[in-house]
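Chemist: all I have is the shape, not the residue letters:
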């Protein structure tokens, strides 16, 4: 793993890469309020071992990337999609296979519509349709909102309390598979160690924009796979099914018993899908 801080108009974006630059590139885009740490290092290494050049990065207001004053709104979801393009530019990559988790999957949809020449394939994990149809789908479980509401009264100087809060957030997202407590606490500790300002993560709750890209998934022409847990409490399984219907010729892979998570028991399925989908393009080059 190698860290690379890139500057976009004077704004820092922290990236990390795994594998060999000559291999097919995979850009990993995480969801809202989640730093690059939640793409587990072991997951990234396993994907790289399959002959892929893997890049993960911190969104704005997360990790070691630029942070703004908590409670402020300084960018849109379209800006986040532009950040992904700037990451590719910084690595001198003309195009990449793009993998998005949750909100990251919606960023991927904007990328594929707005910059189709930069996207080779899509893998959308625990995500939803970017547009008006999402309003018709089942809502987020209230327990998730209740958990994040506790952030306003948290003592952010109390390391143990913060790590418990961060890891506990993923507990609320779990399905019926055993919660990976040890791994989640380890990742939460790494996120806390790296973060410039943890409270800025809540700025993602103010994220807007991108209306010009609503309901345009039918324009996506690259190979696409939708991966979704059948017990997702944040974006219930119906969101995954709707997304797969909206993208032409896409495939839906269900993860039985999984929630809004990258459970270790699902890694083999997810990695195999990413490799297979990217190979559809690479084998025809």
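Modeler: Looks like it came in fine. All figures in this text were calculated on a predicted structure; none of them were measured in a lab.

Chemist: okay, now residue 94: neighbour count?
Modeler: Neighbour count for residue 94, taken as other CB atoms under 10 Å: 10. The C-beta positions use only the backbone N, C-alpha and C, and glycine is treated the same way.

Chemist: again with residue 48
Modeler: 18.

Chemist: just residue 252 next, same as before
Modeler: When counting by other CB under 10 Å, one arrives at 17 neighbours for residue 252.

Chemist: please apply the same query to residue 71.
Modeler: So residue 71, with other CB under 10 Å, has 11 neighbours.

Chemist: over to residue 185?
Modeler: Counted with other CB under 10 Å, residue 185 comes out at 17.

Chemist: find the nearest non-adjacent residue to it, please.
Modeler: Excluding the flanking residues, the one nearest residue 185 by CB to CB, 6 or more residues apart in numbering is residue 167, at 4.8 Å.

Chemist: how about residue 46?
Modeler: Residue 46 sits nearest to residue 271 (CB to CB, 6+ apart), 5.8 Å away.

Chemist: so the one you found sits against residue 43, correct?
Modeler: Yes - using CB atoms under 8 Å, residue 271 is in contact with residue 43, at 7.5 Å.

Chemist: residue contacts, residue 109?
Modeler: 100, 122, 124, 129-130, 213, 216-217, 220 (CB atoms under 8 Å, 6 or more residues apart in numbering).

Chemist: am I right that the residue nearest to residue 185 is in a helix?
Modeler: Yes - looking at residue 167 with DSSP: H, G, I helix; E, B strand; the rest coil, it is inside a helix.

Chemist: neighbours of it, just the number please.
Modeler: 21.

Chemist: who's in contact with the closest residue to residue 188 other than its chain neighbours?
Modeler: With sequence-adjacent residues excluded and distances taken as CB to CB, 6+ apart, residue 188 is closest to residue 166, at 3.8 Å. Residues counted as contacts of residue 166 (CB under 8 Å, 6+ apart) are 188, 191-192.
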